[in-house]
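J.: structure here, sequence nowhere to be found:
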Ligand SMILES: Cc1cc2nc3c(=O)[nH]c(=O)nc-3n(C[C@H](O)[C@H](O)[C@H](O)COP(=O)(O)OP(=O)(O)OC[C@H]3O[C@@H](n4cnc5c(N)ncnc54)[C@H](O)[C@@H]3O)c2cc1C
């Protein structure tokens, strides 16, 4: 039995700790904040319960595979509801499109948008399905030690055939000329912290998941999902220490032998860092023990940060569904103001989640729980006045677009941006999603699960392969534990 210390109780830490405890090890998770879930924390305020981070449950297969390891059926265990519509898109010319859980209705929408649109969507989703199959049959559930592990002959051949390595936008544009059709397929790259013009086409597998497998809501939202994994970890014997920040990983020779917090020291045979990778490397380790030093991080394309608003409204808003997008015709300017000339976007696209449309527990009766998310560049200046005036700007747009005047009906309001990401999660440059998924930051090019300097130090979370997102973070920890088993360090 090994003594294992996990730093951070995000999805990465929760999943790794549960899997390792199931193998019979003594696992302690140390978390700086007051609750499990990391980015998927819960904010409770005056009868409202806000999911502070993720809100989309997609890729159900990934979660099923994890819960199966504990003998649970994800669909029953999480009381999953399939959303219909999956989401609603408000365009700036006034058109509103619902993407349905019934794919036949989506074919009709694309037929309306563009000549032969249904057939084009069918063909495009077939390519996405092939990308998905390649991903599941080799790309996702593995580690990469060299560039040749990634660019294998079959990967290169399939990749060239399916345009997996060229940019996402080009792949969509090949099929669709209509800008709305393009946007309906490209928004998903924001999930990867990127821009349709810098994310590789291979990630179109997400559109296959979206249209063929749908979007779900677990009981209690995405924090509810984290709570379920936390319960499993507890049942398997994991010990949790909350409100305790790790300040140092002590290394002697090439071994991390203890983890220091504000309160005490924890002895460890093995250490797993789930805290922001940059923080774990550059703040918790002495420079000589860092695999990735400051100059590595300075060169990386960081993913988006977000301007978030948790809003309680004292009336119902019938024009919204659970997930709502607001798209401008020209959205390249918004992406440029994130990745090329970082600044607060002057005409942003945004997302509004309204979970109270289907969950009575997240808002007092007759009221609505709103979560506004605007993708913005990392590391922007973020003062009280900037974030407040930016929210007013978004609210004006929301009111104009929906015709719902809510300004005077807001009873709860909390804003969360860069400096909160930094202070609450130690997030590098205040990013919400870590490193963007450009081609050169995919798979073998992401930071490794294992330190090359400290023999018993490991990493898991959104920075590792397969990357950003809840299902991918769950997979990252599954990969890690399998690798540790293969390496023999758990014996
Ligand atoms: C606003 C937002 C919306 C999102 N929407 C979606 C979505 O809809 N669907 C989806 O799949 N994904 C979404 N994501 C992405 C997803 O939430 C993340 O990729 C995932 O939760 C990352 O998990 P993690 O375990 O890697 O990191 P984290 O959740 O950041 O966990 C790391 C933990 O380490 C702790 N920690 C940091 N420093 C220390 C220290 N020194 N000592 C102890 N503990 C420390 C932190 O407090 C944190 O709890 C969203 C993210 C954000 C921010």
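T.: Arrived safely. Small disclaimer: the values here were computed from a predicted structure and weren't measured.
J.: from the ligand, how far out is the residue nearest to residue 35 when sequence neighbours are not counted?
T.: Counting by C-beta to C-beta, 6 or more residues apart in numbering, residue 41 is the residue found nearest to residue 35 once chain neighbours are left out, at 5.8 Å. Every residue, glycine included, has its C-beta placed from N, CA and C. Distance from residue 41 to the ligand, counting by C-beta to the nearest ligand atom, to the nearest Å: 7 Å.
J.: and what of residue 339?
T.: For residue 339, the distance to the ligand - C-beta to the nearest ligand atom - is 18 Å.
J.: which residues touch that residue?
T.: 194, 195, 198, 301, 377, 436 (C-beta atoms under 8 Å, 6 or more residues apart in numbering).
J.: related to what we said a few turns ago, let me know the pLDDT of the residue nearest to residue 35.
T.: The model reports residue 41 with a pLDDT of 98.
J.: residue contacts, it?
T.: 33, 35, 52, 53, 223, 424.
J.: also near the ligand: which of the residues you listed, exactly?
T.: 33, 53 (C-beta under 6 Å from any ligand atom).
J.: what subset of the contacts of residue 41 is buried?
T.: 33, 35, 52, 53, 223 (16 or more other C-beta atoms under 10 Å).
J.: and the residue of the stretch 351-491 of the chain nearest the ligand?
T.: Of all residues in the stretch 351-491 of the chain, the one sitting closest to the ligand is residue 461 (2.6 Å; C-beta to the nearest ligand atom).
J.: my read: that residue touches residue 9, true?
T.: No - Residue 461 sits out of contact with residue 9 when judged by C-beta atoms under 8 Å, with a separation of 11.2 Å.
J.: where do the contact lists of the two overlap?
T.: With C-beta under 8 Å, 6+ apart as the test, residue 461 and residue 9 both reach residue 274.
J.: quick check: chain neighbours aside, which residue is closest to the residue of the stretch 351-491 of the chain closest to the ligand?
T.: Residue 461's closest residue in space is residue 12 (C-beta to C-beta, 6+ apart), at 3.6 Å.
J.: residues near that neighbour, how many?
T.: 29 (other C-beta atoms under 10 Å).
J.: what's near enough to touch it?
T.: 38, 274, 460, 461, 462, 464, 473, 476, 477.
J.: and residue 27, what helix or strand is that in?
T.: strand 26-30 (DSSP states H and E).
J.: what does residue 171 give?
T.: Counting by DSSP H and E, residue 171 is part of helix 168-173.
J.: could you pull out the buried residues of that helix?
T.: 168, 169, 171, 172, 173.
J.: get me the contact residues on the stretch 251-400 of the chain for the ligand.
T.: Selection of the stretch 251-400 of the chain residues close to the ligand by C-beta under 6 Å from any ligand atom yields 274, 275, 276, 279, 306, 308, 373.
J.: again, 5 Å this time
T.: 275, 306 (C-beta under 5 Å from any ligand atom).
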